[in-house]
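**Student:** Prediction below, plus the sequence it came from.
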Amino acid sequence: MGKRIVIALGGNALGKNLPEQMMAVKQTARAIADLIEDGHQVILSHGNGPQVGMIQNAMAMLTRSDPEKYVPCPLSVCVAMSQGYIGYDLQNALREELLDRGIEKGVATVLTQVEVDPADPAFANPTKPIGAFMTREEAEQLAAKQGCQVAEDAGRGWRQVVASPRPQGIVEIDSIRGMVDSGLVVVACGGGGIPVFKTEGHHLKGAAAVIDKDFASCVLAQQLNADTLIILTAVEKAAVNFGKPNQKWLDALTPEEAEGYMAEGHFAPGSMLPKVQAAVEFARSAPGRSALITLLEKARDGVAGKTGTVIRQ
Ligand code: ADP
Ligand code: MG
């Protein structure tokens with residue numbers, strides 16, 4: 001029987017630059033179309049780390065080129081730009097793949113605002129890596145030039161880091177639900193959503209942050225009453241003792257088992273930890289809900305219960 005599935009696409013589903021993304025989305029579209037062909041209802045969300053970093057750097061260069069002509073571009077606007085062009089690439093590729101298979105289904109992207117709490121402690125402690133990897137020297141130069149913060153990212157190199165508050169609510173959720181219920185394939189909450197907070201009256205103000213797409217996708221899946229949250233990333237399964245000689249891939253976990261491994265520090269913050277946290281939160285949110293962490297190319301096998309790390313009660 002068909003399930004309602006929210007799929008969070010990680011960086012490897014999108015590539016690291018414009019030409020890579022054009023190629024990557026073709027393969028992504030095939031994996032998604034497989035699930036739609038199997039009768040599932042699919043809602044897509046995606047990350048934007050490399051893309052929002054690229055846009056932010058480009059906008060900062062523009063401002064530096066002529067500060068009187070070009071005012072600085074807020075990070076929330078950079079997130080909105082990344083949602084727009086990633087959504088375009090995804091809906092373009094998925095439309096083509098579905099039509100090639102004789103499936104007439106509309107695909108549409110919703111520019112999504114996600115509410116955050118201005119008192120979230122994340123604003124005082126930037127942890128979310130964005131943009132390209134750098135050497136320590138390059139990162140320190142960037143920090144000095146742009147006044148941004150940089151940090152080492154899970155043993156892979158240095159990157160800019162920005163505040164990553166928790167998502168509190170999806171502003172456009174009724175529009176998204178209406179489109180999903182009418183049979184469209186919807187791309188929403190891209191890059192974790194455009195972070196906004198309430199000010200006076202009905203005004204929503206953009207926040208200087210990038211929400212983790214794993215957490216935003218968890219909220220999206222709960223609010224759409226999805227059966228499954230699938231987080232597609234660069235590894236087939238989550239592991240304990242990751243990268244060590246005694247590494248062990250994980251198959252099925254209860255939320256309690258996953259929490260035990262989290263407490264022992266097996267999942268890197270900013271990469272695997274938010275995925276496991278989001279998976280645990282979704283699996284706990286209602287009976288029958290499960291979360292799956294696996295590779296893009298293994299999505300169909302994962303839904304069939306053949307691979308991936310599954311978290312369920
Ligand atoms: P995405 O763009 O999909 O969000 P991330 O780079 O944020 O990808 O997170 C996935 C990465 O997390 C994996 O490629 C892997 O290098 C890293 N990782 C950290 N800890 C673990 C772990 N315990 N098990 C598996 N992967 C891990
Ligand atoms: Mg990530």
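**Tutor:** Looks like it came in fine. Ligands and ions are numbered 1, 2, ... in the order given.

**Student:** Determine the set of other helices and strands touching the host helix or strand of Cys78.
**Tutor:** Assessed by DSSP states H and E, Cys78 sits inside helix 75-100. Judged by 3 or more Cβ pairs under 8 Å, 6 or more residues apart in numbering; DSSP states H and E, helix 75-100 is in contact with helix 18-37, strand 41-46, helix 49-65, strand 107-109, strand 185-187, strand 194-198, strand 204-206. C-beta here means a position set from N, CA and C on the backbone, and glycine is covered the same way.

**Student:** can you rerun that using 7 Å?
**Tutor:** Secondary-structure packing of helix 75-100 (3 or more Cβ pairs under 7 Å, 6 or more residues apart in numbering; DSSP states H and E): helix 18-37, helix 49-65, strand 107-109, strand 185-187, strand 194-198.

**Student:** Closest residue of this protein to ligand 1?
**Tutor:** Residue of the chain nearest ligand 1, by Cβ to the nearest ligand atom: Gly10 (1.9 Å).

**Student:** Need the pLDDT of that residue.
**Tutor:** Per-residue pLDDT puts Gly10 at 94.

**Student:** now swap in Gln51 and tell me
**Tutor:** As predicted, Gln51 sits at a pLDDT of 94.

**Student:** circling back to that earlier point, for the residue of the chain closest to ligand 1, what are its contacts?
**Tutor:** Gly10 makes contact with Gly47, Leu232, Thr233, Ala234 under the criterion Cβ atoms under 7 Å, 6 or more residues apart in numbering.

**Student:** need these in CSV with neighbour count, can you?
**Tutor:** Formatted as CSV, those follow (neighbours: other Cβ atoms under 10 Å):
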residue, neighbour count
Gly47, 27
Leu232, 26
Thr233, 22
Ala234, 11
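
**Student:** Now stretch 154-174: buried residues?
**Tutor:** 158-167, 170-173 (16 or more other Cβ atoms under 10 Å).

**Student:** For it, give the mean pLDDT please.
**Tutor:** Computed over stretch 154-174, the average pLDDT equals 93.

**Student:** what separates the closest residue to the residue of the chain closest to ligand 1 other than its chain neighbours from Gly270, distance-wise?
**Tutor:** Distance criterion Cβ to Cβ, 6 or more residues apart in numbering; nearest residue to Gly10, sequence neighbours excluded, is Thr233 at 3.9 Å. Distance from Thr233 to Gly270, counting by Cβ to Cβ, to the nearest Å: 13 Å.

**Student:** ditto for Asn57
**Tutor:** 20 Å.

**Student:** Likewise for Gly183?
**Tutor:** Taking Cβ to Cβ, one finds Gly183 at 36 Å from Gly270.

**Student:** Tell me which of these two has more neighbours.
**Tutor:** Neighbours were counted for Gly183 and for Gly270 using other Cβ atoms under 10 Å; Gly270 has more, 18 against 9.

**Student:** show me what contacts Cys218?
**Tutor:** Listed by Cβ under 7 Å, 6+ apart, the contact set of Cys218 reads Leu229, Ala278, Glu281, Phe282.

**Student:** Throw the residues you listed into TSV and include pLDDT and neighbour count, thanks.
**Tutor:** Output for the contacts of Cys218, formatted as TSV (pLDDT from 0 to 100; neighbours: other Cβ atoms under 10 Å):
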residue	pLDDT	neighbour count
Leu229	98	30
Ala278	98	25
Glu281	98	19
Phe282	98	27
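
**Student:** ok so, going back, just the ones of the contacts of Gly10 in strands?
**Tutor:** Leu232, Thr233 (DSSP state E).

**Student:** which among the contacts of Gly10 are in contact with ligand 1?
**Tutor:** Near ligand 1, taking Cβ under 6 Å from any ligand atom as the test, the members of the contacts of Gly10 found are Gly47, Thr233, Ala234.

**Student:** Fine by me, we can end here.
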